Structure formats: structure tokens, C-alpha cells
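Colleague: what follows is a predicted protein model with its sequence.
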Amino acid sequence: MEGNQSWIAEFILIGFQLSEDMELVLFDAPLWAFSLFYVLTLLGNGVILGLISLDPRLHTPMYFFLSHLAIADMAYACSTVPQMLVNLLSPAKPVSFAGCITQTFLFLTFAVTECLLLVVMSYDQYVAICHPLRYSVIMSWTVCIMLVVTSWTIGVLLSLVHLVLLMPLPFCMAQKIDHFFCEIMAVLKLACADTHINELMVLAGAVSVLVGPFSSVIISYVCIFHAILRLQSGEGQSKAFSTCSSHLCVVGLFYGTAIIMYVGPRYGNPKEQKKCLLLFHSLFNPMLNPLIYTLKNSEVKNAIKRVLGIESFMKR
């Protein structure tokens, strides 16, 4: 009976339980502000996708990867933010077991995929700067497609592992999830069974898709900066640094918050500060990414001018 109980369970998302000071910081802005950030996330990443589709000059491996990053960002935000907005309107509204598990699976899939896409993009930068003469051979379209498909596949498969381990668990009387969405560690706390294996798998998955890839990104950029400093042209150095800085900003925001949440001390205890960090991770990161690539990348800014017809108008 306990095994079947989990299939009919409904959960209530508690959301945030903050001190008065933290509550003022986080919720001083009304609900429409969070809704606006969500719309800007979808709009900003949609613009990036539109630019890459419409401008032939952006049909390169770098922007092919960026388009998939934009898709992952949009999907990542869609998997958590709508539920959070509903909770702010009606905190006591229950979530079905199936809906909760689906949200957990989608969140993990898009988060893992984004981690791997950022690694792929750093490798692309490494090849472009350290091996420019062999770039077209190394980063052929076959290789690019294979790297993207591999990233999405690993994201789905790793999330399925967590899902397979989570679904058979029986859930007891406690139905309140101490989070603003169905985050996996918060859901595991409600299971009335030994979740040691599940928690080890979460930690192992976090290390494998966060610490390992982040280390490879750091190594790539050490090689990249070494190659940039050897360039004779100051203009070439400036252009190379400008190209890399956008990606570095995105990597720092994404990996920094994710490592603190899942690999830092007491990773399995979602404190209120970590909830706020995850809110930033799932709402503001996807919103900031297109802004970073637009403001820091001259090719994207030029593409916007071409698509809007500003460039041709100024030449008249």
C-alpha cells in the first residue's frame, strides 16, 4: 500500500520562509516584477534565436551552440518559474505527484544540458583561438551536431536515472515540500524510506556535471589566455578577449551558483539562502545570458542592426 501511496500523493510547496529583512529584499517587488523578468527571459532568448536564424553571418558553430543554450535557458526557466508564480498567488495550492516528478525531471534535464553546452562552447573558443588554422576541420558541422546531441542525451539520461530511483519511494503523511518548486533534494526529504543512494547519486551527478566540466572550462581558458597573450596585435588581443568575456560571464554565473547549491557544505539541506540562490539561478541567469551576449558581443550587435535595417540606413 505504501508503494502505491506515492502515486496518488499531492504535495504543497511551502516556498520561502524568510526573516523579515530577507522577505523585504526578495518580495518587496510585486508579483508583476517576477512575471516581467520571466517574460524578458523568453523574449531575450527568443531574440537570440531569431537573430541566429535570420542572419547568415551567424550560421557558425559558435552561434549554433549559442542557439541551443538559448533553448535550454528558455526551457530551464519554464520548468520552474511558472510554478513559483502560481505559488506566490496561491501558496496552498497542491501539486500532483506526477506533476512534481515531471518538474523535477525537466529541471534536471535542462540544467545538466546547459552545463554541458557551456563546456562545448568553451571547447569551441579554445579551438578557435589556439588552433585557428585547423578550426574548420576540427569543428566540422558533423562534430558540432554530435556535441549538441550528446549534451542533450546525457541531460535526459542522467535525469532518468534520478527519476527511476525516485519514483519507487513511498511518501508518508508529510506533504509539504520545503521549496518553491519540486527540487529533488527537497522531494527526497518527504520519503519514508532510506534515500541514501538517491542522495549519493545527486552528489555524484553534481560533481560529474559541475566540478568536472567546470575544471575543463578553466583549463581551456588558461590555454586560451596564454594564446591571446602571445598575439602580436593589440587589436587581435582585444577582439579575442571580447569574444571570450561573454562566455566567461555566463559560465561564472551558472557554475558559481550551481556549485554552491549542490556541491557546497550541507548540499542536501535547502536553506532559505540557497532557495534565493536557486531563484537567481532559474530566473535571472536565463534572463541575463542574452543581455550578456548582446552587450559584450559585437557580432550580435551588428546582427541586430542588420536585421533591423539600421546598418543599411546609416550607409545611405
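Modeller: It's in.

Colleague: now the helices: where do they sit in the stretch 201-316 of the chain?
Modeller: 212-229, 234-262, 272-279, 285-296, 298-308, 310-315 (DSSP state H, counting those that start in this stretch).

Colleague: and of those helices, who's closest to C100?
Modeller: helix 272-279 (16.0 Å; Cβ to Cβ). For every residue, glycine as well, the C-beta is placed using N, CA and C.

Colleague: in the closest one, what's buried?
Modeller: 274-279 (16 or more other Cβ atoms under 10 Å).

Colleague: could I get the CA-only coordinates of the one helix or strand A33 maps to as CSV?
Modeller: Element membership for A33, per DSSP states H and E: helix 31-54. Only the C-alpha atoms of helix 31-54 are listed here, as CSV (Å, rounded to 0.1, in the frame of the first residue of the first chain):
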residue,chain,number,x,y,z
LEU,A,31,4.4,39.7,-8.4
TRP,A,32,4.3,41.6,-11.7
ALA,A,33,8.1,42.2,-11.4
PHE,A,34,8.8,38.5,-11.3
SER,A,35,6.4,38.0,-14.2
LEU,A,36,8.2,40.7,-16.2
PHE,A,37,11.6,39.0,-15.6
TYR,A,38,10.1,35.8,-16.9
VAL,A,39,8.8,37.5,-20.0
LEU,A,40,12.1,39.2,-20.6
THR,A,41,13.8,35.8,-20.3
LEU,A,42,11.7,34.3,-23.0
LEU,A,43,11.9,37.4,-25.1
GLY,A,44,15.6,37.9,-24.8
ASN,A,45,16.5,34.3,-25.7
GLY,A,46,13.8,34.3,-28.4
VAL,A,47,15.6,37.3,-30.0
ILE,A,48,18.9,35.5,-29.9
LEU,A,49,17.3,32.5,-31.6
GLY,A,50,15.7,34.8,-34.2
LEU,A,51,18.9,36.6,-35.0
ILE,A,52,20.9,33.4,-35.4
SER,A,53,18.2,32.1,-37.8
LEU,A,54,17.8,35.2,-39.8
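
Colleague: distance from the helix or strand just after it to the middle of the chain?
Modeller: Sequence-wise, the next helix or strand downstream of helix 31-54 (DSSP H and E) is helix 61-89. Centroid displacement of helix 61-89 relative to its chain, using Cα atoms, centre = their mean, to the nearest Å, is 7 Å.

Colleague: sorry, back to before: dump the helices of the stretch 201-316 of the chain to a markdown table, plus mean pLDDT and distance to P82.
Modeller: Output for the helices of the stretch 201-316 of the chain, formatted as a markdown table (pLDDT from 0 to 100; distance: least, Cβ to Cβ, whole Å):
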| stretch | mean pLDDT | distance to P82 |
| --- | --- | --- |
| helix 212-229 | 85 | 28 |
| helix 234-262 | 74 | 20 |
| helix 272-279 | 71 | 14 |
| helix 285-296 | 76 | 13 |
| helix 298-308 | 73 | 28 |
| helix 310-315 | 50 | 35 |
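
Colleague: can you list those in JSON lines and add distance to W141?
Modeller: Shown next, in JSON lines, are those (distance: least, Cβ to Cβ, whole Å):
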{"stretch": "helix 212-229", "distance to W141": "21"}
{"stretch": "helix 234-262", "distance to W141": "20"}
{"stretch": "helix 272-279", "distance to W141": "36"}
{"stretch": "helix 285-296", "distance to W141": "21"}
{"stretch": "helix 298-308", "distance to W141": "19"}
{"stretch": "helix 310-315", "distance to W141": "28"}
